[in-house]
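*Asks:* quick check, what structure comes out for this input:
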Amino acid sequence: MPADLIIRPITQSDYGQWLPLWDGYNEFYGRSGPTALSPEITRVTWMRFFDAYEPVHALVAEQDGKLIGLTHYLYHRSTTAINPTCYLQDLFTTPDARGKGVARALINGVYEQAKLVGSPRVYWQTHETNTTAMQLYNKVAERSGFIVYRKLL
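*Replies:* Residues are numbered from 1 along each chain as shown. Okay, the predicted model is just below:
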């Protein structure tokens, strides 16, 4: 991790720097142009970070006063544990920050937050074609072997 990298909770004043990261993340997964998320989803997502009744949280990576990465995570109940499980939903760094320990630092930040609330586990999913990210994921977590099924309604 670069010595001058700061991993911290997001603040209201981060919106102007968070939005391009959020847009970059969505574009990476094909959600741009005609397939972009609605502005309402972005607005509600942003508001959830600051609502004490929501289980959705965000950390950002800051270097030299500039945001270069984000992660969004949430807590949910489980039938296999008493304390809430942590799901790391989104992780993104700027292209020039990749390979420099920023994503690892963000994941470790989520691990730290999850430990603070007594969560027994952090998990996430990625697309099978995201082989670059999987090189890191294989070093910081174990692959569960589960396959995700879904049906859009």
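*Asks:* would you map the strands across the chain?
*Replies:* Assigned by DSSP state E, the chain shows strands spanning 5-9, 56-63, 66-76, 85-93, 122-123.
*Asks:* for Asp51, give its distance to Ala3.
*Replies:* 34 Å (Cβ to Cβ, to the nearest Å). In short, each C-beta sits where N, CA and C put it, glycine included.
*Asks:* who has more neighbours, those two?
*Replies:* Taking other Cβ atoms under 10 Å, Asp51 and Ala3 do not tie; Asp51 has more neighbours (10 against 5).
*Asks:* how confident was the prediction at the more buried one?
*Replies:* The per-residue pLDDT reported for Asp51 equals 97.
*Asks:* mind showing which ranges of this structure have poor pLDDT?
*Replies:* For the chain, the stretches with pLDDT under 70 are 1-2.
*Asks:* quick one: the helices in it?
*Replies:* Ranges of helices within the chain are 15-28, 39-48, 102-116, 131-140, based on DSSP state H.
*Asks:* can you report how many residues lie near Asn26?
*Replies:* Applying other Cβ under 10 Å, we find 18 residues neighbouring Asn26.
*Asks:* give the burial count for the residue lying closest to Leu88 once chain neighbours are set aside, as a bare number.
*Replies:* Of all residues not flanking Leu88 in the chain, Trp124 sits nearest, at 3.9 Å (Cβ to Cβ, 6 or more residues apart in numbering). Counted with other Cβ under 10 Å, the neighbours of Trp124 add up to 17.
*Asks:* check contacts around Trp124.
*Replies:* Contact analysis of Trp124 by Cβ atoms under 8 Å, 6 or more residues apart in numbering lists 87-89, 91, 137, 141.
*Asks:* ok, back up a step: Gly65 is nearest to which of the helices of the chain?
*Replies:* Evaluated over these, closeness to Gly65 peaks at helix 15-28, with 9.3 Å, by Cβ to Cβ.
*Asks:* and that closest one with helix 131-140, angle?
*Replies:* Here the directions of helix 15-28 and helix 131-140 differ by 110 degrees (axes from the mean of the first three to the mean of the last three Cα atoms, to 10 degrees).
*Asks:* noted, bye for now.
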